[in-house]
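J.: just the structure for this:
(chains A and B)
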2 protein chains.
Amino acid sequence: MTHTPRIHEVGLRDGLQVEKTVVPLEEKLRWAEGLMASGVDVVQLGSFVNPEKVPQMADTDALVRRVRELPGRPPGVRLSALVLNEKGLERALACGVELVCMGVSASETHSRKNTGMTPAEAQARIVPMARRALAEGLAVQASVQSAFGCGFEGAIPRQRVLELVKAYLDAGVRQVSLADTAGHAHPLQVEELYGAIRQLEPEVELACHFHNTYGLGLANCVAAWRAGVVSFEAAFGGLGGCPFTRVPAGNVCTEDLVHSFQRMGVRGDIDLERLLEVARQVQTFLGRELPGLVLKAGSIAAFAGAQR
Amino acid sequence: MTHTPRIHEVGLRDGLQVEKTVVPLEEKLRWAEGLMASGVDVVQLGSFVNPEKVPQMADTDALVRRVRELPGRPPGVRLSALVLNEKGLERALACGVELVCMGVSASETHSRKNTGMTPAEAQARIVPMARRALAEGLAVQASVQSAFGCGFEGAIPRQRVLELVKAYLDAGVRQVSLADTAGHAHPLQVEELYGAIRQLEPEVELACHFHNTYGLGLANCVAAWRAGVVSFEAAFGGLGGCPFTRVPAGNVCTEDLVHSFQRMGVRGDIDLERLLEVARQVQTFLGRELPGLVLKAGSIAAFAGAQR
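T.: Sure, this is the predicted structure:
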């Protein structure tokens, strides 16, 4: 297995949505420009949620429009956003998002806390949205959250995850993501579960979203890559985490992930220094140290350069 | 590959040797008791170095003796220590260490900074010591430091590592460790290099020592386990790192590693809560937060319990 992994930068959404501070649009725009300039594949700009409930994401429409108008916007970078309901999908269509992400939780408790619905109810609302978005010509990624375990329920039956995935596939979705919302995943489980999905549908384009709660974030990414996963969600500086899980902890850190793939020789074209610059900007803005490790140590390449 | 990984706890040596504070013997003894009670396989108690140069390790002989005299000492836990020269080996023999660890760096620069000798010169001194220790009935683990890259030199030729390993094997050593002193290792390299050593000698008992400088510590441990590595060195709380590398950073954290192996279902008998207790004691003593993540988040098992 030596396919090229793709990076889906979700810091502007999954990183910022749990921050107390609302980041001004101009600042987000500056970070988005840096992310795009680095050469990551997809930049998630925000989430179409109720602006009163999540003010951090209230300017998502405006941000998408501003990014689309940027003169030097790199043509290869796609813009994504999270869509939670029909109204959000309308907003995504109106402002010109290119990839819409939607999902349900495999955990009954997590699903109820997050949406007020059971996983089945939530999926019954998601599937028509996915169909509509596909019909409108958007790329759609559908995810199963808490796919590897839940902070409230513990182990999640594998069959439940596969049933949710199957319903997506039946609806014509071909980009499927598993999210390790609580950070419970381990590498053997990761390979097994993605392998099972590929058995369901060999043509599926797999994505992953790991949290580093217990330190296995990068180990799970490596396992996922080996299991054929193509798209890797990560956030600048390792910021973020889910507010509806019991132990909030950071996303896999984009710079650490890109650095790892560079070291492994499977993805060398992303400008890591540019990513580090964004992470430092975020760090400065938030006024605290982020968990990213390359951010602390400096990249091996930069450092080898400094030795000459 | 489903063999049982063994844990070699090196916090009392590799964790403490770079601390400014000298930890009193009674405190070290308390931590050693906790580590042994947890059921880890080997506890490294210190290093036989010049007490004037490294006062943190000056009481290693006394600590070994005290631990050996403990009434409730679990019979299965072996005591190890690092030995750097002939005088250190005499001390190890005198106080009753059961496993002596010795090593050379594959990096010319790192070797010179650390020992004042080239790798070849350093190994020429190590090999007779290893033979002597084996003849005295001790278990011997010989290591190659900077085996996966060097902070000063960058990439280390694989052939140089294999030649050093071969010299150990020729001397009759059957426990061989590779240390990622600078944290440069990545999982593909780990599998490849350990695979090459097993080609040299299928009966070798492999050990690994990773640093988490760039976030790949646990990913490298998983890769090493898959490549047949049996013994995993790790330090409480993720403390430590090598003072002679350019970017000092923590060891793989024992609690995070044990938690990972628990989750993977390959090692479930170690008392993680006991290990966390030790890490908290160390944290309290040193007065700062350690990098370990399970230490912050709590273990999944403990936490599932709290949900009931």
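
J.: which helix or strand contains A:Asp269?
T.: Using DSSP states H and E, A:Asp269 maps to neither a helix nor a strand.

J.: nearest spatial neighbour of it, chain-adjacent residues omitted?
T.: Counting by Cβ to Cβ, 6 or more residues apart in numbering or on different chains, A:Gly39 is the residue found nearest to A:Asp269 once chain neighbours are left out, at 5.9 Å. The C-beta positions use only the backbone N, C-alpha and C, and glycine is treated the same way.

J.: swap in A:Ala155?
T.: Nearest non-adjacent residue to A:Ala155, counting by Cβ to Cβ, 6+ apart: A:Gly149, 5.8 Å away.

J.: also A:His211?
T.: A:Gly183 (4.0 Å).

J.: near chain B, which residues of the stretch 101-250 of chain A show up?
T.: Applying Cβ under 8 Å from any Cβ of the partner chain, we find that the stretch 101-250 of chain A lies next to chain B at A:149, A:151-152, A:154, A:183-184, A:186-189, A:212-219, A:221-223, A:246-247, A:249.

J.: hmm, 7 Å instead?
T.: Applying Cβ under 7 Å from any Cβ of the partner chain, we find that the stretch 101-250 of chain A lies next to chain B at A:152, A:154, A:184, A:186-188, A:213-216, A:218-219, A:222, A:246-247, A:249.

J.: who touches the residue of the stretch 51-200 of chain A found nearest chain B in this structure?
T.: Residue nearest to chain B within the stretch 51-200 of chain A: A:His186 (4.1 Å; Cβ to the nearest Cβ). Taking Cβ atoms under 7 Å, 6 or more residues apart in numbering or on different chains, we find A:His186 in contact with A:216, B:260, B:263-264.

J.: same question, A:Glu86
T.: Per Cβ under 7 Å, 6+ apart, neighbours of A:Glu86: A:Met129.

J.: for it, give its distance to A:Val64.
T.: Look at A:Glu86 and A:Val64: by Cβ to Cβ, to the nearest Å, they are 18 Å apart.

J.: tally of neighbours for A:Val230?
T.: 18 (other Cβ atoms under 10 Å in any protein chain shown).

J.: and the pLDDT for the residue of the stretch 51-200 of chain A closest to chain B?
T.: For A:His186, the model assigns a pLDDT of 98.

J.: give me the nearest residue to it, chain neighbours excluded.
T.: Closest residue to A:His186 apart from its sequence neighbours, by Cβ to Cβ, 6+ apart: B:Arg263 at 4.1 Å.

J.: phi, psi of the one you found?
T.: Per-residue torsions, B:Arg263: phi -60, psi -40 (degrees, to the nearest 10).

J.: local confidence estimate at it?
T.: 96.

J.: avg pLDDT for stretch A:130-138?
T.: On average, stretch A:130-138 scores 97.

J.: what about the residue nearest to A:His186, distance to A:Gly228?
T.: Distance from B:Arg263 to A:Gly228, by Cβ to Cβ: 22 Å.

J.: please apply the same query to A:Ala179.
T.: A:Ala179 is 17 Å from A:Gly228, by Cβ to Cβ.

J.: got it, and A:Ala139?
T.: A:Ala139 is 19 Å from A:Gly228, where distance means Cβ to Cβ.

J.: roughly how far apart are A:Pro75 and A:Val64?
T.: Shown here: A:Pro75 relative to A:Val64, a distance of 16 Å by Cβ to Cβ.

J.: neighbour count winner among those two?
T.: Each of A:Pro75 and A:Val64 has its neighbours counted (other Cβ under 10 Å); A:Val64 has more, 24 against 5.

J.: which residue, other than its chain neighbours, is closest to that one?
T.: Setting aside the residues directly before and after it, A:Val64 is nearest to A:Cys95 in space (Cβ to Cβ, 6+ apart), at 4.3 Å.

J.: tell me how many other residues crowd the one you found.
T.: Counted with other Cβ under 10 Å, residues neighbouring A:Cys95 total 20.

J.: state the pLDDT value of it.
T.: At A:Cys95, pLDDT is 98.

J.: show me the contacts for it.
T.: A:61, A:64-65.

J.: of all the residues you listed, which comes closest to A:Ala301?
T.: Checking the contacts of A:Cys95 against A:Ala301 with Cβ to Cβ, the nearest one is A:Val64 at 32.7 Å.

J.: how about the closest one, phi and psi?
T.: According to degrees, to the nearest 10, A:Val64 has phi -60, psi -50.

J.: which residues touch it?
T.: So A:Val64 contacts A:45, A:79, A:81, A:95-97 (Cβ under 7 Å, 6+ apart).

J.: host element of A:Leu82?
T.: Counting by DSSP H and E, the element that carries A:Leu82 is strand A:78-83.

J.: let's see that strand as PDB, backbone CA atoms only.
T.: Extracted C-alpha coordinates of strand A:78-83, given in PDB (Å, rounded to 0.1, in the frame of the first residue of the first chain):
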ATOM      1  CA  ARG A  78     -11.100  22.400  -2.300                       C
ATOM      2  CA  LEU A  79     -13.200  24.200   0.300                       C
ATOM      3  CA  SER A  80     -15.400  22.200   2.700                       C
ATOM      4  CA  ALA A  81     -17.800  22.900   5.400                       C
ATOM      5  CA  LEU A  82     -19.900  21.000   7.900                       C
ATOM      6  CA  VAL A  83     -23.600  20.900   7.300                       C
END
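
J.: for burial, what's the neighbour tally of the closest residue to A:Ala223 other than its chain neighbours?
T.: Distances taken as Cβ to Cβ, 6+ apart place A:Pro187 nearest to A:Ala223, at 3.6 Å, with adjacent residues excluded. Neighbours of A:Pro187 under the rule other Cβ under 10 Å: 26.

J.: wait, A:Pro187 touches A:Cys221, no?
T.: No. Counting by Cβ atoms under 7 Å, A:Pro187 stays clear of A:Cys221, with 9.4 Å between them.

J.: what about the strands in chain A?
T.: For chain A, applying DSSP state E gives strands covering A:6-9, A:42-48, A:78-83, A:99-105, A:139-145, A:175-180, A:205-210, A:231-234.

J.: lowest average confidence, helix or strand, in chain A?
T.: Ranked by mean pLDDT, DSSP states H and E, the weakest helix or strand in chain A is helix A:300-307, scoring a mean of 62.

J.: show me where pLDDT drops low in chain A?
T.: Along chain A, the parts satisfying pLDDT under 70 run over A:1, A:241-249, A:303-308.

J.: kindly recompute the last result at 80.
T.: Applying pLDDT under 80 to chain A picks out residues A:1, A:241-249, A:301-308.

J.: A:Val190 versus A:Ala196, what's the distance?
T.: Applying Cβ to Cβ, the value for A:Ala196 to A:Val190 is 11 Å.

J.: show residues contacting the strand holding A:Leu82.
T.: Under Cβ under 7 Å, 6+ apart, the answer for strand A:78-83 is A:8, A:13, A:41-48, A:60, A:64, A:67, A:89, A:92, A:97-102, A:129.
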